[in-house]
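K.L.:
everything below, folded, please.
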Amino acid sequence: MMAVMVVTITCQIFMRYGLDSPIMWGEELSRISYAWFCFFGVALATMDEAHLKVDFFYRKLPQAAQKVIFLAARIIMITFFLVVAFSAFKLPGVQGNIKAYTLGLPFWILTSAVIPGFIISAVYVIWGFFPASRKDRRPGLTEEGRAPDER
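P.N.:
Numbering: from 1, shown residues only. I've put the predicted structure just below:
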């Protein structure tokens, strides 16, 4: 998707400023690619737990309170991802026959990027409940992520 955006925008710049004949469909294709790229990026950031978080106070809490907050945050994330994803299923009906002007593609192709991106994100959050699936847990490591003979 990133390659499609880069090639399309590069060609569009060359055609517009070099040959004075812009590509009419380039902007629409770049916009669709960008939407899909962003929502799959959300899923990848969720998988790597790379979203921004402020954990200053969280780290100061007792272990039991941290577990409760961890669980509550994950449940809220799963709920948010699934509510938004399943609400996005209604968008094609709301958008009707709206089509991209130059490509002629239905506009719901752009907005439907939310669905797989957020469903995959919810799956990654659920997957994170299982300690063996986390990236810091590898076979042969202790709960703290160290080798058994390290102290």
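K.L.:
C-alpha from now on. contacts and neighbour counts both.
P.N.:
Noted.
K.L.:
ok, the spatially most central residue of the chain to Ala64 distance?
P.N.:
By Cα atoms, centre = their mean, the chain has its centre lying nearest to Val42, at 1.7 Å. Distance of Val42 to Ala64, computed by Cα to Cα, to the nearest Å: 29 Å.
K.L.:
which helix or strand contains the residue nearest to Trp25 when sequence neighbours are not counted?
P.N.:
Closest residue to Trp25 apart from its sequence neighbours, by Cα to Cα, 6 or more residues apart in numbering: Thr102 at 5.3 Å. Assigned by DSSP states H and E, Thr102 belongs to no helix or strand.
K.L.:
ditto for Gly117
P.N.:
Counting by DSSP H and E, Gly117 is found in helix 114-127.
K.L.:
can you give me the buried ones in that helix?
P.N.:
Val114, Ile115, Gly117, Phe118, Ile119, Ile120, Ser121, Ala122, Val123, Tyr124, Val125 (16 or more other Cα atoms under 10 Å).
K.L.:
quick revisit: which residues touch the residue nearest to Trp25?
P.N.:
Thr102 makes contacts with Met24, Trp25, Glu28, as judged by Cα atoms under 8 Å, 6 or more residues apart in numbering.
K.L.:
list just the nearest of those residues to Phe37.
P.N.:
Proximity of these to Phe37, judged by Cα to Cα, is greatest for Glu28, which lies at 14.1 Å.
K.L.:
what residues are up against the closest one?
P.N.:
Ala100, Thr102, Leu103.
K.L.:
likewise for Ser21?
P.N.:
Ser21 makes contact with Met15 under the criterion Cα under 8 Å, 6+ apart.
K.L.:
tell me what the helix holding Gly117 is packed against?
P.N.:
helix 26-47, helix 63-88 (3 or more Cα pairs under 8 Å, 6 or more residues apart in numbering; DSSP states H and E).
K.L.:
angle of it against helix 63-88?
P.N.:
Helix 114-127 runs at 160 degrees relative to helix 63-88, counting by axes from the mean of the first three to the mean of the last three Cα atoms, to 10 degrees.
K.L.:
point out where this protein drops to low pLDDT.
P.N.:
Within the chain, the stretches with pLDDT under 70 are 131-151.
K.L.:
and if we set it to 80?
P.N.:
Residues of the chain meeting the criterion pLDDT under 80: 1-2, 4-5, 26, 51-53, 92-97, 100, 102, 107, 129-151.
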